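Undergrad: Let me see the structure of the following:
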Amino acid sequence: MPIQSEKHTNTVEVENPLEEFQAILKEALHFLSYPDEVFEFLKKPMRFLEVSIPVRMDDGTTKVFQGYRAQHNDAAGPTKGGIRFHPDVTAEEVKALAGWMSLKCGVTGLPYGGAKGGIICNPQELSFRELELLSRGYVRAVSQIVGPTKDIPAPDMYTNAQIMAWMLDEYDHIREFDSPGFITGKPLMLGGSQGRETATSKGVLYTLQLVSELKQIPLQNMRVIIQGFGNVGGYLAKYLYDIGVKVVGVSDAIGGIYNPDGLDVPYLLENRDSFGVVSNLFSKTISNQELLEKECDVLIPAAIGGVITKHNAGKLGCKIIIEAANGPTTKEAITMLEEKGILVVPDILANSGGVIVSYFEWCQNNQGYYWTEQYVDQCLKEKITSSFSNVLDTSKRFGVNMKIAAYMEGVRKIVEASRLRGWLHF
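TA: This next block holds a predicted model:
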């Protein structure tokens, strides 16, 4: 069957991500019977830094970029979180993402709090030189609040190992000593970890395998749609194709492609560009929103947040959603999906592979001893499996969906660490 197509636009109505974080956090705290002061303490980051980064552009002009770093809570340990380069980065989004990182570290049992950074820019419009200057400038601007025992950055949307390498080098120059544990997601030659580049995708894969067992759906019978074909979506498509899962749809920043008989994943991977754009290979495509509504067993949002809302939740053609992106499904949408019997595996559980292996990288940097990829994968699978089991148990025990259960698991550890430090009294 040919790839289905129709005219499209990729407009997405974005909800306020910080309000989304706060709404589900409040509900989780209610089920745990915590007093109101806990919500007041955790609803916003403990620290938030806004910076201006001047960059001398290739044409000789100076352009000033806006950047952010949010540190949500450091009761359990240093904060941890990625840095994204995207034209739609906002202060509210960065604050929400830092909160989600705190919960993600809590639900997976990592000794971290959450953080997140971002720069308002379009990396596709920057030269290699301009990208390097912007990366170094960001580190100079935030250097007083980051470090291997304070706040450890990592890659995120449109950032990669090369950008982490520039940031590490700039930090080393500022501090005048080598500190590979300052940042994770680095190249192997600079102290990176085996398996870090593919960690988020591997974590989603292991989550899908657990869902397959839970729902008793053989992997070979699954039809999967992946929204987003960048680092996470691309590797995930490859892993699914390799084990016999039928990938029937993928999309990128421009549009999507869908074939109910399955896509030629190796062809797509071989021909996509460096930003994961693949839909331009085809004369007929559909929009990201239209792809979400196509029939499949499992829908995996792996791009931006806020794509599944009250406006399209009733139109989805899937049975299961696994959130590989951060905050792709709004609270209102989750309620509607629950009524339809659609299982939603939350982002702070499903996409935690990246921060888990970042933790492994940080441990290796601190020890000066480096692990094999097989050992990294083994430890990652154990973490994902135990975290999934804990969230599922909490979901059954309290009679709540997996999203709220994951928040409950994550926030419980943050609250206990804060209470033991004397920051909370109840």
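
Undergrad: list the contacts for the closest residue to N16 other than its chain neighbours?
TA: Nearest residue to N16, sequence neighbours excluded (CB to CB, 6 or more residues apart in numbering): E92, at 6.0 Å. Quick note: C-beta positions are derived from backbone N, CA and C, even for glycine. For E92, the contacting residues are N16, P17, L18, by CB atoms under 8 Å, 6 or more residues apart in numbering.

Undergrad: Please indicate which of those residues are buried?
TA: Buried subset of these (neighbour count, 16 or more other CB atoms under 10 Å): P17, L18.

Undergrad: Just give me the closest of the contacts of E92 to E27.
TA: Of all these, E27 sits closest to L18, with 15.4 Å by CB to CB.

Undergrad: for the contacts of E92, which one is nearest I254?
TA: The closest of the contacts of E92, once distances to I254 are taken by CB to CB, is P17, at 23.2 Å.

Undergrad: From G118, how far off is that closest one?
TA: Here P17 is placed at a distance of 12 Å from G118 (CB to CB, to the nearest Å).

Undergrad: so what sits against both of these two?
TA: Shared contacts of P17 and G118, counting by CB under 8 Å, 6+ apart, come down to E93, L97.

Undergrad: tell me which of the contacts of E92 is nearest to C318?
TA: Nearest to C318 among those, with distances taken as CB to CB, is P17, at 22.4 Å.

Undergrad: picking that back up, three-state assignment of the residue nearest to N16?
TA: At E92 the chain is in helix, as set by DSSP: H, G, I helix; E, B strand; the rest coil.

Undergrad: And the pLDDT at it?
TA: The model reports E92 with a pLDDT of 97.

Undergrad: Repeat that for R196.
TA: With respect to pLDDT, R196 has a value of 95.

Undergrad: same check, this time on S274
TA: Looking at S274, its pLDDT reads 74.

Undergrad: T11 now?
TA: Per-residue confidence for T11 comes out at a pLDDT of 40.

Undergrad: Also E15?
TA: Here the pLDDT value assigned to E15 is 70.

Undergrad: Please give me every residue in contact with it.
TA: G306, T309, T330.

Undergrad: So which residues make contact with whatever helix or strand E20 lives in?
TA: Element membership of E20, judged by DSSP states H and E, is helix 17-31. Contacts with helix 17-31, where a contact means CB under 8 Å, 6+ apart, come from 38-39, 42-44, 92-93, 95-97, 99-100, 103, 305-306, 327, 330-331, 398, 400, 403-404, 407-408, 411.

Undergrad: quick one: which of the contacts of E15 is nearest E295?
TA: Using CB to CB, the contacts of E15 come closest to E295 at T309, 19.8 Å.

Undergrad: Quick check: the gap between the closest one and G203.
TA: Taking CB to CB as the measure, T309 and G203 are separated by 25 Å.

Undergrad: The chain: strands as residue ranges?
TA: Secondary structure of the chain (DSSP state E): strands at 47-56, 62-71, 79-86, 113-120, 151-155, 223-227, 246-251, 256-258, 298-301, 320-322, 343-345.

Undergrad: pLDDT averaged over the last one, what's the number?
TA: Mean pLDDT, strand 343-345: 97.

Undergrad: now the second one
TA: For strand 62-71, the per-residue pLDDT values average out at 99.

Undergrad: what about that strand, distance to the chain center?
TA: Distance of strand 62-71 from the chain centroid (CA atoms, centre = their mean, to the nearest Å) equals 20 Å.

Undergrad: How about the fourth one?
TA: Strand 113-120 has its average C-alpha position 11 Å from the chain's average C-alpha position, going by CA atoms, centre = their mean.

Undergrad: Can you name every helix or strand that it contacts?
TA: For strand 113-120, the packing partners by 3 or more CB pairs under 8 Å, 6 or more residues apart in numbering; DSSP states H and E come out as strand 62-71, strand 79-86, helix 91-107, helix 128-142, strand 151-155.

Undergrad: Return that strand as PDB; C-alpha atoms alone will do.
TA: Output in PDB follows, covering the C-alpha atoms of strand 113-120 (Å, rounded to 0.1, in the frame of the first residue of the first chain):
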ATOM      1  CA  GLY A 113      17.800  16.600  41.800                       C
ATOM      2  CA  GLY A 114      16.500  18.000  38.500                       C
ATOM      3  CA  ALA A 115      17.700  20.800  36.300                       C
ATOM      4  CA  LYS A 116      17.300  22.000  32.800                       C
ATOM      5  CA  GLY A 117      18.800  24.600  30.500                       C
ATOM      6  CA  GLY A 118      18.000  26.100  27.200                       C
ATOM      7  CA  ILE A 119      18.900  28.700  24.600                       C
ATOM      8  CA  ILE A 120      16.500  30.400  22.300                       C
END
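
Undergrad: remind me which residues of the stretch 101-250 of the chain are low pLDDT?
TA: Low-confidence segments of the stretch 101-250 of the chain, defined by pLDDT under 70, are absent.

Undergrad: Do a quick rundown of the helices in this protein.
TA: 17-31, 36-42, 91-107, 128-142, 161-175, 199-215, 231-242, 265-271, 288-292, 331-339, 347-350, 353-367, 373-398, 402-420 (DSSP state H).
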